[in-house]
Structures are given as C-alpha cells and as structure tokens.
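Chemist: the following comprises the amino acid sequence and a computationally predicted model.
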Amino acid sequence: MNRCNIMDKLQRTTRLALGLSFLFLAGCGALLPRGESVAESPWHSYDEAQQTFDKIVPYRTTAQDLKALKLDPLQNPNITLLNYSDVLRRFIPSPATNMQDLDAGVQDCIRAKSDCRGYEVDQKSVKRQRYGNFWADFLNFKRKVDIVGWRFNGVILLRNGIVVYKLTGGQPAIHEHEESKNPLGPFQGLGESGLAH
C-alpha cells in the first residue's frame, strides 16, 4: 500500500471520527438520565381524579357505585382500607378534639363503630428530567433536574356500604427545580469517604 493510500484512509477516518464526535456532542442532552414515578392509576391527571370524586354523593353513593368509578381497593392498588381505629386516629387525634365539631358524616361513621370503614386514595405522577450541560452533569460538577407532575389525595368514609363522607386534596401541579454544584466534580466525595475509614 503506497503512502498516498494510507494518507487518504487516515483523512477519511479522521473526518468520520470528527463527524461522529460532532453528532455525539450535539445530542448529549438526550443522554442525560430521566426518571418517572407513576402510581398505577385509572386517572391521567389531577383533574380526572377530582372529576371522579365529584360524582360521589354522600348518603347516596354505594360501595357498588364506587367500584364502577374505579374506586375499588381490590382492583386499584393505591387505595388503602381504613378500619374503625384508623378513622378514629385520623379524625380524633387527641382527647381534646370534640366530636361535635366534626362533619356529620364523620360522626355517623364513628358512631357505627365496626360498620364504619374508609378508603384513602393516594395517586401521583411525577417525572424527573435532568437538563443542562451533559459533561458538567456526567462528571458531577453541576446537576440540574426538572420535576413535574401531580398528586391527588382523597378520603371516603362508608357506613354499612353507603358513603357518608368524602374529602379531597393534593397538588394539582408539581413543578420544582433541583440544582446541585460540586466544585471538585467526581472527586467531591473522596475526602469524606477517606475520613470515614
């Protein structure tokens, strides 16, 4: 193989390497990790969950109706069953709490004792996406995370299979930014780990 052929192949290889490096660096932001924490849910947003709860009418909605609304603890994994003791702890946290100050539905449920039960619904969808400079993130100098999502909480009390109380809350919109800086980058924790030994 003559010298011209070797130089020609070397130039092509160099151009290919430069081209691949350029593509790699241009798309580095897409290489940053992403995370998602989504509770299995029949709802895709806070509004959908709230609309479901808006269909519940105390002293009219039955346990069977709740199943049709996908509020069945046996089919929806993020519904906690509350027994009579759980309801007491939640609504009468101290002896100083006057039962007469509670909602009439809560009072009815507590008076029913073992016939009182509840559902606690906790649904969330949170997505974490790192953004910014790939190399600063990769080498642990600077990390930025964008967090978006929603969280819905609801409580339903039933007495003898009839809903007597409902309450909703949560965060319709979660939007947070996290930023951490490590001036020493990948060497930031080395001194601390050395001291621990």
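Modeler: Sure, I can see it.
Chemist: mind giving me the domain ranges of the protein?
Modeler: Recorded structural domains for the chain (assignment: automatic domain parsing) are 1-31, 33-196.
Chemist: between the ones you listed, which gets the lowest average pLDDT?
Modeler: Among the domains of the chain, domain 1-31 carries the lowest mean pLDDT, a mean of 55.
Chemist: list the contacts of residue 58.
Modeler: Contact analysis of residue 58 by C-beta atoms under 8 Å, 6 or more residues apart in numbering lists 105, 163-166. The way it works is simple: take the backbone N, C-alpha and C, and place the C-beta from them, glycine included.
Chemist: in the protein, which spans are helices?
Modeler: 3-26, 46-54, 63-68, 84-91, 104-111, 134-138, 190-196 (DSSP state H).
Chemist: hmm, who's touching the fourth one?
Modeler: Outside helix 84-91, the residues within contact range by C-beta under 8 Å, 6+ apart are 82, 97, 102, 106, 109-110, 113-114, 116-118, 155, 157.
Chemist: tell me the one of these nearest residue 51?
Modeler: residue 155 (17.1 Å; C-beta to C-beta).
Chemist: in the chain, which strand is the longest?
Modeler: For the chain, the strand with the greatest residue count under DSSP state E is strand 162-181.
Chemist: so which elements touch that strand?
Modeler: helix 46-54, helix 63-68, helix 104-111, strand 142-159 (3 or more C-beta pairs under 8 Å, 6 or more residues apart in numbering; DSSP states H and E).
Chemist: want to throw these into TSV with mean neighbour count and distance to residue 171?
Modeler: Output for the helices and strands packed on strand 162-181, formatted as TSV (neighbours: other C-beta atoms under 10 Å; distance: least, C-beta to C-beta, whole Å):
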stretch	mean neighbour count	distance to residue 171
helix 46-54	16	7
helix 63-68	14	24
helix 104-111	18	24
strand 142-159	19	5
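Chemist: can you list the ones you listed in JSON lines and add distance to residue 123?
Modeler: Below are those laid out as JSON lines (distance: least, C-beta to C-beta, whole Å):
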{"stretch": "helix 46-54", "distance to residue 123": "6"}
{"stretch": "helix 63-68", "distance to residue 123": "15"}
{"stretch": "helix 104-111", "distance to residue 123": "22"}
{"stretch": "strand 142-159", "distance to residue 123": "5"}
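Chemist: which of those sits closest to residue 183?
Modeler: So among the helices and strands packed on strand 162-181, strand 142-159 is nearest, using C-beta to C-beta, at 9.5 Å.
Chemist: okay, the angle between the closest one and strand 162-181?
Modeler: Going by axes from the mean of the first three to the mean of the last three C-alpha atoms, to 10 degrees, strand 142-159 is angled at 170 degrees with respect to strand 162-181.
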